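Asker: predicted model and sequence below, questions to follow.
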Amino acid sequence: MTANLLDFDLEGLAAFCERLGHKRFRAVQLFRWIHQKGVARFWDMTDLARDLRARLAEVAEVRALPVLAEQVSADGTIKWLFDVGDGNAVESVFIPEDDRGTLCVSSQAGCAVGCRFCSTGHQGFSRNLTTGEIVAQLWHAEHALRRRLATSERVISNVVMMGMGEPLQNYAALAPALRVMLDDHGYGLSRRRVTVSTSGVVPMMERLAQDCPVALAVSLHAPDDALRDELVPLNRKYPLAELLDACLRYLPAAPRDFITFEYCMLDGVNDTPAHAERLIALLRGHRGRGVPCKVNLIPFNPFPQSGLRRSPREAVKAFADRLNAAGIVTTIRKTRGDDIDAACGQLAGEVRDRTRAAQRLARRRVVPLRVERGRSPAPEVAS
Ligand code: SAH
Ligand code: SF4
């Protein structure tokens, strides 16, 4: 089978060139052709020695992902659906803003964590993406956008690993992909502008801090273990105290001096003033010193079968106001691309579920409660 050069970080590509009997520095040229210029055909890489080009054509390829669909939202957001074979497809979303272009990238076909409020989680899990499949999303988006905008300037300035899948449950493929994004000969993105979002895979947070510290976002969604156990099942394995300890250990290596906590606002489930107070107590009180953080509230994006509702605007605003008043910088995420189902948690792609998670989740639903002020019960779980 031919090697997919998108699978390699620069070090891996250097080793590959060496195996072909060529000097390591050739890899820098090759890497730049692929990632900086978006060239896939070896014959077009004109400053590479002819014998290397010929050899590469025999044994290697730059394997792009077939695009099954592209949708453009009224707000300029673009969503691509990529075929990853065997009936699986994953999505990436480009979000243009005045001062940046962000690509939201998928790490798995489906997700095994199974969060209640997430459309990917409801689909179950098929398989991990390879490094090449993660990188191919950026490769395609960056170069397709440059062609469209007729520019040779970089279009994508930020990557968020917030598409389908739990990136830290696919660490072996993720780490080299991040290095390609950060490499000056690759996409040259700043560590502060590459964000890994995790539902809290504690041991892999440590690995990330050691190998490739980038900005970290942690999906919290609940201020206590009882509620988080229901919303993010991984909490039963890595409860909040351990998760927050892992955040504190991540910070010294992190490119930013805070952790971003994501909190999806679910009507009557986690959005009351009492929840806000408990969240403040948790984040400011952990280990007696608190966790340096920002909170990003994500209004829930509904999808069929979730059985959940988005919190009313006033509830989201009031929640943010309380946190801000307590000194926790809190923002409300703007919903982008929801007319093309490209908003957070709406990415569904196509997943051949191998875990029967979809069936399990369909049986158990979090029933939204109208919670009285001051009380904070765990939600009821219907079977
Ligand atoms: N698995 C990782 C990254 C992918 S999900 C994680 O969970 O962090 C990216 C973000 O979208 C997470 O914060 C997730 O909680 C949020 N999300 C999932 N479903 C959502 C929905 N239906 N509405 C709003 N946000 C959602
Ligand atoms: Fe997986 Fe993240 Fe969705 Fe949870 S929110 S099911 S971890 S993709």
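Answerer: Now that the structure is in, tell me what you want to look at. Ligands and ions are numbered 1, 2, ... in the order given.
Asker: going forward, measure contacts and count neighbours with C-alpha atoms only.
Answerer: Noted.
Asker: how is this structure divided into domains?
Answerer: Domain assignment for the chain, taken from automatic domain parsing, gives 3-61, 67-364.
Asker: my guess is Arg127 is in a strand, correct?
Answerer: Yes - membership of Arg127 in a strand is supported by DSSP: H, G, I helix; E, B strand; the rest coil.
Asker: so for the residue in the chain positioned nearest to ligand 2, what's the pLDDT?
Answerer: Ligand 2 sits closest to Gly121 of the chain, with a gap of 3.4 Å, by CA to the nearest ligand atom. Gly121 is assigned 90 on the pLDDT scale.
Asker: same check, this time on Asp338
Answerer: In this prediction Asp338 is given a pLDDT of 76.
Asker: all helices for the stretch 151-300 of the chain, in order.
Answerer: In the stretch 151-300 of the chain, the helices defined using DSSP state H, counting those that start in this stretch lie at 171-182, 202-211, 225-231, 240-250, 273-285.
Asker: would you mind finding the most buried of those?
Answerer: helix 171-182 (a mean of 22; mean count of other CA atoms under 10 Å).
Asker: hmm, back to that, any chance of the helices of the stretch 151-300 of the chain in CSV, plus distance to ligand 2 and mean pLDDT?
Answerer: Below are the helices of the stretch 151-300 of the chain laid out as CSV (distance: least, CA to the nearest ligand atom, whole Å; pLDDT from 0 to 100):
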stretch, distance to ligand 2, mean pLDDT
helix 171-182, 14, 98
helix 202-211, 13, 98
helix 225-231, 9, 97
helix 240-250, 14, 98
helix 273-285, 19, 98
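Asker: adding distance to Ala49, write those helices out as a markdown table.
Answerer: As requested, the helices of the stretch 151-300 of the chain are exported to a markdown table (distance: least, CA to CA, whole Å):
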| stretch | distance to Ala49 |
| --- | --- |
| helix 171-182 | 23 |
| helix 202-211 | 34 |
| helix 225-231 | 55 |
| helix 240-250 | 44 |
| helix 273-285 | 57 |
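Asker: distance to ligand 1 for these - can I get that in CSV?
Answerer: CSV is the format used below for the helices of the stretch 151-300 of the chain (distance: least, CA to the nearest ligand atom, whole Å):
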stretch, distance to ligand 1
helix 171-182, 12
helix 202-211, 12
helix 225-231, 9
helix 240-250, 13
helix 273-285, 16
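Asker: name the next helix or strand downstream of the lengthiest strand in the chain, please.
Answerer: Longest strand in the chain, counting residues (DSSP state E): strand 88-97. Remark: after strand 88-97, the chain's next helix or strand is strand 100-104, criterion DSSP states H and E.
Asker: just list what the helix or strand following that following strand packs against, helices and strands only.
Answerer: On the C-terminal side of strand 100-104, the nearest following helix or strand under DSSP H and E is strand 108-110. If you count contacts as 3 or more CA pairs under 8 Å, 6 or more residues apart in numbering; DSSP states H and E, strand 108-110 packs onto strand 88-97, helix 119-123, strand 125-128.
Asker: enumerate the residues of the stretch 51-200 of the chain near ligand 2.
Answerer: Counting by CA under 6 Å from any ligand atom, the stretch 51-200 of the chain comes close to ligand 2 at Cys111, Val113, Gly114, Cys115, Cys118, Thr120, Gly121, Met164, Gly165, Glu166, Ser199.
Asker: how about these in JSON lines, adding neighbour count?
Answerer: Below are these laid out as JSON lines (neighbours: other CA atoms under 10 Å):
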{"residue": "Cys111", "neighbour count": "28"}
{"residue": "Val113", "neighbour count": "21"}
{"residue": "Gly114", "neighbour count": "25"}
{"residue": "Cys115", "neighbour count": "21"}
{"residue": "Cys118", "neighbour count": "25"}
{"residue": "Thr120", "neighbour count": "30"}
{"residue": "Gly121", "neighbour count": "25"}
{"residue": "Met164", "neighbour count": "27"}
{"residue": "Gly165", "neighbour count": "31"}
{"residue": "Glu166", "neighbour count": "28"}
{"residue": "Ser199", "neighbour count": "24"}
